[in-house]
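**Student:** with the input below, show me the fold.
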Amino acid sequence: MVSRYVPRPGISPDPIQHGTQLGRCRLESKIGHGSMGVVWRAWHTTLNIPVAVKVLHGSGNLGENARRRDRFQLEAHIAAKASHPNLVRVLDFGEEQGQAYLVMELVQGDTLQMWLQRQAVFDERTSLKLAGHICIGLAGLHNLGVVHRDIKPSNILIEPGQSVKISDLGLAREADSDVYAEPAGTPHFMAPECMETGKPFDPRSDIYAVGVILFQLIFNRMPFQGTTREVLYAQVNLQPDWSLPAGSTVDSGTLYILRRLLEKDPERRIQTAVEAIQACRDQVYRLDRREILRAEKRARLEGMEPVEILETGVTSLAHKTWTSIGKFLPISSVPVWVRWTALGILAAASVYAASCAVR
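**Tutor:** Sure thing, here's the model as predicted:
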């Protein structure tokens, strides 16, 4: 919904223009494209809100157009059922002037792909939280018995405030569907089992795609690179290069989660989106606790008392402790006779105080 529009080669110019009215929506500008349609920013004249309208591509082939229309309608039906805060919401579906269209909420944000193209840096903790939020949306989808089949950065929208939404259900299918399970998806994010035909759609293939995204965020590269043929071969037969970029470190717990997400065998992979959410949350908590302990250790070494502020994290506030005062008046600099005299006076005062209490 927010990726910049790039004309697709081999597709005839779109007859839909600025100002075209489709149902209750007046089209304003092209803002992106999905697997089957061009996405427009539009104004919903009844609700008086901005919306996103996906308009189905035409291919020029009547048979192909019919198949596209069926898939487009299936996307609408699946998306309409998938009401979840981490999924782009569908508002309407219709056909006008021989053009099928889908009306969705307009997400005010950028795709994860756009963030990556701007060389945005995601630290380990943020990467885990992002993967967890993607899995929250997938859990809502999988609970409906639906597999997305095209999880990738260009289909992940990040709103201001870091809310995450999954978009583009053009390849989504019901897990128990008897529809022919043709290989589909984006090669770099396809699980090994997706290369096989005739197999039922499996939610664990979406979990694998989340692992690829998390790998990309942590390592700043894809698990496998090369031509489409080379990548597809590697997805089935090879292991990623687990060597870290120079100067970087990754916690062993994070690497363990990544290895389980990217298991070739679905039976050994993290099995559900809920399990992946919990794994990411536990690891974020572990990283947070590690930082707290490090802050407390630094504070003790610096003679500062660590103070935990729940709303904002951990900080250290300086106090006039004996340790900090000692930095300015080292005890070793005081003459020995002065120390013994002070100790004697203190002992005599204690004895006198005790005798007074007895009387």
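**Student:** just checking, residue 186 touches residue 149?
**Tutor:** No - here residue 186 lies out of contact with residue 149, judged by Cβ atoms under 8 Å, at a distance of 9.6 Å. All C-beta atoms are positioned from the backbone trio N, CA, C, and that covers glycine.
**Student:** between these two, who's got more neighbours?
**Tutor:** Legend: neighbour count by other Cβ atoms under 10 Å for residue 186 and residue 149, higher for residue 149 (26 against 19).
**Student:** which helix or which strand is home to residue 70?
**Tutor:** Assessed by DSSP states H and E, residue 70 sits inside helix 62-81.
**Student:** I'd like the average pLDDT over that helix.
**Tutor:** Across helix 62-81, the average pLDDT comes to 77.
**Student:** now swap in stretch 240-251 and tell me
**Tutor:** The average pLDDT for stretch 240-251 rounds to 86.
**Student:** now it: buried residues?
**Tutor:** Burial within stretch 240-251, assessed by neighbour count using 16 or more other Cβ atoms under 10 Å, is assigned to residue 240.
**Student:** and residue 265, its phi and psi?
**Tutor:** Note on residue 265: its backbone torsions stand at phi -80, psi 120 [degrees, to the nearest 10].
**Student:** then the one 10 residues further on?
**Tutor:** Torsion angles at residue 275 (phi, psi; degrees, to the nearest 10) stand at phi -60, psi -40.
**Student:** next: residue 274.
**Tutor:** Dihedral angles of residue 274 (phi, psi; degrees, to the nearest 10) stand at phi -60, psi -40.
**Student:** start from the N-terminal end of the stretch 151-300 of the chain and give the helices.
**Tutor:** 203-219, 228-237, 252-261, 273-301 (DSSP state H, counting those that start in this stretch).
**Student:** where does pLDDT dip in the stretch 1-150 of the chain?
**Tutor:** For the stretch 1-150 of the chain, the stretches flagged by pLDDT under 70 are 1-15, 34-35, 58-64.
**Student:** so which residues of it form strands?
**Tutor:** Taking DSSP state E, counting those that start in this stretch as the criterion, the stretch 1-150 of the chain carries its strands at 21-22, 25-33, 37-44, 49-56, 90-96, 99-105, 110-111, 146-147.
**Student:** now, of those, which is deepest in the fold?
**Tutor:** Greatest average neighbour count among the strands of the stretch 1-150 of the chain goes to strand 146-147 (a mean of 24), per mean count of other Cβ atoms under 10 Å.
**Student:** what residues are up against the residue lying closest to residue 28 once chain neighbours are set aside?
**Tutor:** Residue nearest to residue 28 in three dimensions, not counting chain neighbours: residue 41, with 4.9 Å by Cβ to Cβ, 6 or more residues apart in numbering. With contacts defined as Cβ atoms under 8 Å, 6 or more residues apart in numbering, residue 41 is in contact with 27, 28, 29, 30, 31, 50, 51, 52, 53, 106.
**Student:** can you add distance to residue 206 and give those back as JSON lines?
**Tutor:** As requested, the contacts of residue 41 are arranged in JSON lines below (distance: Cβ to Cβ, whole Å):
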{"residue": "27", "distance to residue 206": "32"}
{"residue": "28", "distance to residue 206": "33"}
{"residue": "29", "distance to residue 206": "32"}
{"residue": "30", "distance to residue 206": "28"}
{"residue": "31", "distance to residue 206": "25"}
{"residue": "50", "distance to residue 206": "29"}
{"residue": "51", "distance to residue 206": "27"}
{"residue": "52", "distance to residue 206": "23"}
{"residue": "53", "distance to residue 206": "26"}
{"residue": "106", "distance to residue 206": "25"}
